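[1] Take a look and give me a structure for this.
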Amino acid sequence: MKKRDMTSQQLIEAALHLFAQHGIEKTSLAMIAAAVGMTKPSIYYHFASKDELIERVFEYMFSDYHFDHYFSVSELTAENFVLKLYEGGLRMFPEDEEHFAPVFRLLNEFMLTAGRNGHYGERVIAMQREFLDGFEKVMQRGAELGVIEPENVTVKAHLLALLIDNITSYMMMGMKLPYQELWKEAVNSVFRKGEDHIG
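    Numbering: from 1, shown residues only. Sure, this is the predicted structure:
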């Protein structure tokens, strides 16, 4: 990685941390520059404005945040469906809650500023819609395979997506929950009676 690219990455990571800690509005370019040991004017060598830096932080945060990063609908079979649904959901929860807490706080920052900047609000909504639609495709596949009752497929999909979202919100607030057990119960609730469940 070139030195310029490395410094740009350092600025993005410093900005992410400071935005999460102080909020986007209250974090100045001078604070970000100080965090990486440079002067404020030097930032403009890497980013034309604070808005461009905010944009790059947003892209950096959510570059891998896609439903198909966790689930591959085409790989689901009647035999592996239960386990794949369970394991895919667990991968959505952060393994290291302290490491991901700033990311969750910053996501809330982007959602709070959505009213003032529709650009980010629309993108956050689009990401949420992708996950709702993704879970719906998974549930439809389960119905096609005969492991999930075909009734209320959309409701079941939204129930799973909302549970993931709420658990991660609670984790962001530092609340300890038995999230594996909660997810297991949610997964078990969508299957036909008598079908194999997660034990």
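
[2] Identify each buried residue in the host helix or strand of G88, please.
    Assigned by DSSP states H and E, G88 belongs to helix 81-92. By 16 or more other C-beta atoms under 10 Å, the buried positions in helix 81-92 come out as F81, V82, K84, L85, Y86, G88, G89, L90, M92. For the C-beta atoms, the positions are set from N, CA and C on the backbone; glycine is no exception.

[3] shaky segments in this structure?
    For the chain, the stretches with pLDDT under 70 are 1-6, 96-103, 111-118, 192-199.

[4] Show me it divided up by domain.
    3-60, 64-189 (automatic domain parsing).

[5] Which residue lies nearest the spatial centre of this protein?
    The structure's the chain has its C-alpha centroid closest to Y65; by C-alpha atoms, centre = their mean the separation is 5.3 Å.

[6] measure the closest residue to that residue other than its chain neighbours to S189 for me?
    Once flanking residues are discounted, Y65 sits nearest to M127: 6.1 Å by C-beta to C-beta, 6 or more residues apart in numbering. Distance, M127 to S189, by C-beta to C-beta, to the nearest Å: 25 Å.

[7] now Q10
    Counting by C-beta to C-beta - Q10 and S189 are separated by 45 Å.

[8] all helices for this structure, in order.
    Here the chain has its helices, by DSSP state H, at 3-22, 29-35, 40-43, 50-62, 81-92, 97-112, 118-145, 153-172, 179-189.

[9] and of these, who's closest to H69?
    H69 sits nearest to helix 81-92 of all those, at 8.3 Å, using C-beta to C-beta.

[10] what's the angle between the closest one and helix 118-145?
    160 degrees (axes from the mean of the first three to the mean of the last three C-alpha atoms, to 10 degrees).

[11] Check what contacts helix 81-92 and list those residues.
    Residues outside helix 81-92 that contact it (C-beta atoms under 8 Å, 6 or more residues apart in numbering): 70-71, 75-76, 138, 141-142, 145, 147, 160, 164, 168, 180, 183-184, 186-187, 190-191, 195-198.

[12] Which among those residues count as buried?
    Among the contacts of helix 81-92, those scoring as buried are 70-71, 76, 138, 141-142, 147, 160, 164, 168, 183-184, 186-187, 190-191, 195 (criterion: 16+ other C-beta under 10 Å).

[13] If we ignore the residues flanking it in sequence, what's nearest G134?
    F67 (3.1 Å).

[14] Apologies, that question was intended for M172.
    Closest to M172 by C-beta to C-beta, 6+ apart is F104, at 3.4 Å.
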